[in-house]
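Trainee: okay, here's the prediction I keep looking at, along with the sequence it came from:
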Number of protein chains: 2
Amino acid sequence: MIFVGIVEDDQEIRNGIVSFLSKQPGFVCDLAVGSVEELLASLSSENSPQVLIMDLGLPGMSGVEGISFVKSRYPEMDIVVFSVYNDPKKIFDSLCAGATGYLLKNTPFNELKEGIELLAKGGSPMSPQIARKVIDFFKPAKKIEKISPLSDKEKEIVVGLVDGLSYKLIADRLSISIETVRFHIKNIYRKLHVHGKAEVITKSLRGEI
Amino acid sequence: MIFVGIVEDDQEIRNGIVSFLSKQPGFVCDLAVGSVEELLASLSSENSPQVLIMDLGLPGMSGVEGISFVKSRYPEMDIVVFSVYNDPKKIFDSLCAGATGYLLKNTPFNELKEGIELLAKGGSPMSPQIARKVIDFFKPAKKIEKISPLSDKEKEIVVGLVDGLSYKLIADRLSISIETVRFHIKNIYRKLHVHGKAEVITKSLRGEI
DNA sequence: TCAACACCCCCATCTTTATGGGATACCGGC
DNA sequence: GCCGGTATCCCATAAAGATGGGGGTGTTGA
């Protein structure tokens, strides 16, 4: 038996889902509210569904905030976003907040049901478009070949700075004079328009080099 | 009509897929090889499938390398990994190399077929376990509440360091004396067991604080 | 061939950091 | 009440870094 809860402000959709799921064998859907506030008021340790279907465009607290909230109190609950939004920001915000699935609102009810079953089996339901966007997130590996303005030697020096080495140690590591290290660092600062190693390290670790 | 290619060293599996897919209406599967090397030899601009089913455990060049290779030459090709491996490293390496889908080898042939169709529709086929791991990648946002040993003020100072500010500017920003900044930084170094702001910045940006 | 880079080295000077020592005060827990 | 932790300041000194200048060598491509 799977206990399902729903947060969805459109009463028609909400009722539709409830009545559909309630008819499915193995499903219980007795928690249906129109906002995160209502949800939090209804939830308790004894009365908490295993799966929560969550709309994003809600009155009051947003769906994403709601996900964080619920997850912090009930970490075991699986939350599936059910939204019209398919923009990357909404998707990744939801996932980072703790959503375990993301289905678009055009998903037929029976697929929604299958998605919930998938959760129980350790899967993560996603609409195809969502899955593609999530996968694409990793792809930027095929990035636009960031043409770093730094020469090879300069990049080696940057690595040394990131590693927290002094000029002297960088010189030793690269088997060059400390004066040469100085020379390169001067050029690095000029090329990156920065004025200290702190900024170089920050830029480097943020992938801006 | 979808043109499919296969790289799979187990001849039995390979033949099975080819014969299954060839029977499906709308599918052409005339490129089936046992290694990336063979694949690269067979591919040409005129003869390149839209979808490539790729095993990971291959003799010679690995599947992941193969994905990178193929993607760099034929960026439009969709590559679906078809592997027994379900460990995160393999998964993420594959996705970063440019795979658009990831199906485990226990996937029934008809689901494999559906997965390929999904690709054409802009989706990304993934086995449930894979989807969950991919989603979980984003979750660590709900991190293990890293109990930072640093006090609030010290953390503010760290932010200043990361921003590349001098002690003086940090003091101004926090409206305290530069001497207080010094004091806090001394304590930060002691607590983090580091000996310079470079290491603090690196640790901070790597999420180790 | 000449200009543009990357790379190597040296010097001088000034600022910023790192590290040690102090002092005072508030707060919470034992 | 005392102690540990936090926070606020001050001082002094040595090390590290930033910035300006000056030399060179080599490769590369217009």
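Mentor: Good, I have the coordinates. Numbers count the residues shown, from 1 in each chain, chains lettered A, B, ... in the order given.

Trainee: residues of chain A that sit close to DNA strand C?
Mentor: A:151-154, A:174, A:176-177, A:179-180, A:182-184, A:187, A:196 (Cβ under 7 Å from any atom of the strand). Using the backbone N, CA and C atoms, a C-beta is placed for each residue, glycine as well.

Trainee: just give the number of residues close to residue A:152.
Mentor: Each residue near residue A:152 was counted by other Cβ atoms under 10 Å in any protein chain shown, and the total is 8.

Trainee: and it, how far from chain B?
Mentor: Noted for residue A:152: a distance of 21 Å to chain B, by Cβ to the nearest Cβ, to the nearest Å.

Trainee: swap in residue A:167?
Mentor: 11 Å.

Trainee: before we move on, what about residue A:154?
Mentor: Residue A:154 is 17 Å from chain B, where distance means Cβ to the nearest Cβ.

Trainee: for that residue, helix, strand, or coil?
Mentor: Secondary structure assignment for residue A:154 (DSSP: H, G, I helix; E, B strand; the rest coil): helix.

Trainee: my guess is it meets residue A:186, correct?
Mentor: No. The criterion here is Cβ atoms under 8 Å, and residue A:154 misses it with residue A:186 at 10.4 Å.

Trainee: that's a helix at residue A:118, yeah?
Mentor: Yes. Going by three-state DSSP, the assignment for residue A:118 places it inside a helix.

Trainee: so which strand or helix has residue A:103?
Mentor: strand A:101-104 (DSSP states H and E).

Trainee: which helices and strands does that strand pack with?
Mentor: When contacts are defined as 3 or more Cβ pairs under 8 Å, 6 or more residues apart in numbering or on different chains; DSSP states H and E, strand A:101-104 sits against strand A:78-83, helix A:88-97, helix A:109-120, helix A:128-138.

Trainee: how about it as PDB, C-alpha atoms only?
Mentor: Provided in PDB are the C-alpha atoms of strand A:101-104 (Å, rounded to 0.1, in the frame of the first residue of the first chain):
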ATOM      1  CA  GLY A 101      11.100  13.100  -9.400                       C
ATOM      2  CA  TYR A 102       9.800  15.700 -11.700                       C
ATOM      3  CA  LEU A 103       6.800  15.200 -13.900                       C
ATOM      4  CA  LEU A 104       5.200  17.800 -16.200                       C
END
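
Trainee: what's the average pLDDT for it?
Mentor: Mean per-residue pLDDT for strand A:101-104: 96.

Trainee: could you do stretch A:134-147 as well?
Mentor: Stretch A:134-147 comes out at a mean pLDDT of 67.

Trainee: hmm, the top helix by length along chain A in reach of DNA strand D?
Mentor: In chain A, assigned by DSSP state H, the helix with the most residues is helix A:178-192. Yes. Applying Cβ under 7 Å from any atom of the strand, one finds helix A:178-192 in contact with DNA strand D at A:182, A:183, A:185, A:186, A:189.

Trainee: show me what counts as buried in the helix or strand bottoming out on mean pLDDT in chain A.
Mentor: The weakest-scoring helix or strand in chain A, judged by mean pLDDT, DSSP states H and E, is helix A:63-73 (a mean of 90). Across helix A:63-73, burial judged by 16 or more other Cβ atoms under 10 Å in any protein chain shown covers A:63, A:64, A:66, A:67, A:68, A:69, A:70, A:71.
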